[in-house]
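# with the sequence up front, the predicted model follows.
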Amino acid sequence: MKLKMPSPKSLLAGSGALCMIVLFNNCSGGYQTQDTSSLSSSNSTSETQCTDPTGFKETKGQNVAPSKPDADGYMMVWRDEFDGSELNLKYWEYEIDGDGGGNNELQYYTDSPKNTSVKNGLLTLKLIKEDVNRFGKIYSHSSSRIRSKGRASWRYGKFEIRAKISKGVGVWPAIWMLPESEVYGSWPLSGEIDILEIRGREPQTLMGTLHFGQPWPNNQWTDGRYSLSGTDFSEGFHVFSVVWEPELIKWYVDGVLYSTKTPADLRGQPWRFDQNFYLILNLAFGGGFDNNQADLAITESNLYIDYVRVYQKK
Ligand SMILES: [Ca+2]
């Protein structure tokens, strides 16, 4: 999610960090992630097993996961399966604003259930054509942007998101990460990791990108791209992954490696990807990502998220 320049401070709903812990249980080797304020609640699990099209066998139930590391030594440390009936504000906060994301985007981001819903195991971020009047400015579309800042962030790990988009000129779904603390300076000096971006005009191609370098307009980026043939990313769910290790970031689609970046790809700029980063999910509209092209007649577009799963090596 390219930011040409730092965004004005957003109006945020909710605040406060949570201390996350991991609880192990005996029934299926699973665990739960809970905040410390709810330790008295049950940690029971459902034993229902199912297999999704990606081959991942999950135990149904919020925050229940296998406890054994995979072949690469990764264990799940955080997840949202979106099994509830509303967004879990212990995990996410809304970014409510109409500042255009630093890219002259057209949408106004709300915390309305019209724009953000959780139902049938899916999180849906919905772009809606509707006039929004905020502080005298009329926006043509509302949408949603959420982030885990202050709630969950990670230094290194494997990040898996199963998602589906709907296409349309100007539609800009993004799954990405920003530094929890900008210890090297404001954007892009402390880096940005984009797990997924798609131009809705070209829904067969995705991009995974690093932003780095010096303050705008001397910011830099490097990306990898992956294209489907005979179909596009609006036709079905896919698993988008990033594996982030010291001085190494790799991007995958459905388990297929399509891009690898190391300090050698930063054209002499320092590698700043060694601090905690948090997750952002949003559905933008218009803006510089596709040369300000946008079909203003689009009445609705969606970013569907089945799950977000985070793994780290013990
Ligand atoms: Ca789900």
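Everything's here; your move.
# tell me how many other residues surround the closest residue to the ion within the stretch 51-200 of the chain.
Nearest residue of the stretch 51-200 of the chain to the ion (C-beta to the ion) works out as residue 121 at 3.5 Å. Where you see a C-beta, it was placed from the backbone N, CA and C, and this is true even at glycine. The number of residues packed near residue 121 is 14, by other C-beta atoms under 10 Å.
# mind listing what it touches?
By C-beta atoms under 8 Å, 6 or more residues apart in numbering, residue 121 lies in contact with 81-83, 306.
# how about 6 Å then?
82-83 (C-beta atoms under 6 Å, 6 or more residues apart in numbering).
# count of neighbours near the closest residue to residue 302 other than its chain neighbours?
Nearest-residue entry for residue 302: residue 166, 4.8 Å, with adjacent residues in sequence omitted and distances by C-beta to C-beta, 6 or more residues apart in numbering. Using other C-beta under 10 Å, residue 166 is surrounded by 19 other residues.
# would you confirm that residue 166 contacts residue 299?
No - the criterion here is C-beta atoms under 6 Å, and residue 166 misses it with residue 299 at 11.2 Å.
# what number of residues are in the vicinity of the residue nearest to residue 137 when sequence neighbours are not counted?
Nearest non-adjacent residue to residue 137, counting by C-beta to C-beta, 6+ apart: residue 98, 6.6 Å away. Residue 98 has 21 neighbouring residues, counting by other C-beta under 10 Å.
# can you name the residues that contact residue 98?
108, 134, 139.
# sorry, back to before: if I look at the residue nearest to residue 302, how far off is residue 235?
Distance from residue 166 to residue 235, counting by C-beta to C-beta, to the nearest Å: 10 Å.
# just the element for the residue of the stretch 201-314 of the chain found nearest the ion, please.
Among all residues of the stretch 201-314 of the chain, residue 306 sits closest to the ion, at 4.2 Å; criterion: C-beta to the ion. Element membership for residue 306, per DSSP states H and E: strand 300-313.
# which residues are in contact with that strand?
So strand 300-313 is contacted by 73-74, 76-81, 122-128, 154, 157-166, 168, 171, 173, 283 (C-beta under 6 Å, 6+ apart).
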